[in-house]
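[1] please find the sequence and the predicted model below.
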Amino acid sequence: MTGVNRSAAKPSFDLEELVAHYQRQLSGEALYYLQRRGIEQETAEQYRIGFEPGKIGFYVQSGKIGGYFENRVIIPIVDQQGLPIDLIGRSIDSREPKYKTLVGEDGYLFNESVLEQTEDVVLCGGLFDVLNLAQSRLPAVCPPAWMTFKETYAEKFKGKRVFVCLGNDELGRRESSRIQELLQGVSKDTFIVNLPESIKDVNDFFVRVQNPLDTFIQLLNETMEESLLLPISPDVKHITAYTEEYMKRYRGQSTGLPTGFELLDKALFGGLRTGLYFITGCASSGKTMLMKQIADEIASRQTPVVYVSWDMTSFELWARSIARLIGTEPQLVLSGQASPDDVSRANKQYVPISKWMWTIECSLETTMDRVFATIERIAGIAGRTPVVFIDHLNRIPTTGLQRQPQTVAEHQTMLAYVLKQWSRENDTPVISAIPIDLGAERLPEGAEASADVILSLTQEEEPAEGGTGQLPCALRLIKHRNGSLATVPLRFLQRQACFEESAPERTAEETAKSEGA
């Protein structure tokens, strides 16, 4: 799949008709769900909230009516004229993803029209936060359910007083600070509202607190007064938040995404987290094979993954996954020499992975802007921002960059900065391969500065002719922004198309202790 032009992704169905259809079905269990979230029927009618109780023969692809939003309340996103431009469905049971979008439109905020009517606005993290506030006659907006706050949204708040009130956790606090930075010099004032410790978000506040409207207004006034008296909060204001995050990590409740390599996950404090990761190595060192193996592992855990490739076709990448599942060399799958029965069995194993995997096959004309637009649409389908793998950095065209790089080093540096900023803005890991020349150990200084983690994949020895097919190699952490450097010993099983960790060599002292025991 090549990069998608956003203008070409307009729906072929009538959104107004769909809104009316879903609105007619709002009753029973859906109204009870809204009631539990503190939303009154009058508010549901005002915002044209609907419901899809089950499949009734409609499929979006064919332009007919169907069960895409099965068992979800459906909230329209409208433009400045009040016309629906997207639909977001929220499951009323435990099914994932919690949120699904129909179109993936990201140019508008939910309830954006209120910005034309007010100088003060509350910027929330979720649709139900906004509905609770709007129900209480307080102006509020939020990004679509699957999006973080984008830089392009900042201009919408020009000259306004903005009260940022996101989720009451470390992620919400971090995002609040980022938004405050984006709004600096654009909004009239930006205040970060801290909810009481036991409250999760605005919706939770309005459901659980007595006299929620008066209490919330009091909280806004206190926030504004504190900020005016002390424009920059001292660290003491954040000690509780920092301690909460530490205790989560202490209890093992805050971990990264497992890579499938235990020693690597241990070195990375539990796996991949938000940030930019580089996997470096010489040509044909196995970077793509390793990245695809990690990508498949993450997708197998029902986390959405996007694999972006300027280097290989989607068929070539699929062949590597199938070869690994069969336990054979990729060349046999690529050349059509693998057993069809083996391929069929491997495909059945791959189906659960492929449900969470999207491959974007790029050409030399596919810019990063087009890739980001496609990823954001995928996020709308998946209900959350995916983990992104890029293969590889040097292939990404320079079109669309602020200025044309003059050297390879400048090219890598500029793209590294773009990827790092996108990772932070969307709160997801970005993993990119970068080939380096034989004997080279370092990336350009600017590229290294943007990376949070740099992993160097090296072969420990040349493969012997007629040997076992096991190639000793190592994954070296040569940069780790928040941790120690380490070396993860690996071996590449050429005939099984996979990497696995190998036990590190024991020291003489460890050997002596073992023998003594």
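    Yep, it's here. Numbering: from 1, shown residues only.

[2] what residues are up against the residue most central in space within the chain?
    The centroid of the chain falls nearest to Thr385 when counting by CA atoms, centre = their mean (2.8 Å). Shown in contact with Thr385 (CB atoms under 8 Å, 6 or more residues apart in numbering): Trp146, Thr148, Pro304, Ile375, Ala379, Asn426, Asp427, Thr428. Glycine gets a C-beta too; all of them are placed from N, C-alpha and C.

[3] one more pass at 10 Å, please.
    Thr385 makes contact with 146-148, 274, 304, 306, 375-376, 378-379, 423, 425-429 under the criterion CB atoms under 10 Å, 6 or more residues apart in numbering.

[4] ok, the spatially closest residue to Gly271 that is not a sequence neighbour to Ala382 distance?
    Closest residue in space to Gly271, ignoring its immediate chain neighbours: Gly256 at 3.2 Å, by CB to CB, 6 or more residues apart in numbering. Distance, Gly256 to Ala382, by CB to CB, to the nearest Å: 19 Å.

[5] looking at these two, which has the bigger crowd around it?
    Between Gly256 and Ala382, counted using other CB atoms under 10 Å, the more crowded position is Ala382 (23 against 15).

[6] list the contacts for the more buried one?
    Contacts of Ala382 by CB under 10 Å, 6+ apart are 96-97, 99-101, 146, 302-306, 355-356, 358.

[7] tell me which of those residues is nearest to Arg476?
    Comparing the contacts of Ala382 against Arg476 with CB to CB picks out Val305 as the nearest, at 24.3 Å.

[8] that closest one pairs with what?
    Met357, Val387 (DSSP bridges).

[9] cool, and Leu475?
    Going by DSSP bridges, Leu475 is paired in beta bridges with Leu457, Val488.

[10] ok, it touching Ala267?
    Yes: applying CB atoms under 10 Å, one finds Leu475 in contact with Ala267, separated by 9.3 Å.

[11] give me the common contacts of those two.
    Phe261, Leu455, Ala486, Thr487, Val488.

[12] ok, Ile390 to Tyr242 distance?
    32 Å.

[13] can you list the buried residues in the helix or strand where Glu17 lies?
    Secondary structure from DSSP states H and E places Glu17 in helix 15-24. Neighbour counts over helix 15-24 (16 or more other CB atoms under 10 Å) mark Leu15, Leu18, Val19, His21, Tyr22, Gln23 as buried.

[14] can I get these in a markdown table including distance to Arg173 and pLDDT?
    A markdown table is the format used below for the buried residues of helix 15-24 (distance: CB to CB, whole Å; pLDDT from 0 to 100):
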| residue | distance to Arg173 | pLDDT |
| --- | --- | --- |
| Leu15 | 35 | 92 |
| Leu18 | 37 | 93 |
| Val19 | 35 | 95 |
| His21 | 40 | 92 |
| Tyr22 | 35 | 94 |
| Gln23 | 36 | 95 |
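
[15] which positions within stretch 106-114 qualify as buried?
    Buried, per 16+ other CB under 10 Å, within stretch 106-114: Asp106, Tyr108, Leu109, Phe110, Asn111, Glu112, Val114.

[16] fine, thanks again, bye for now.
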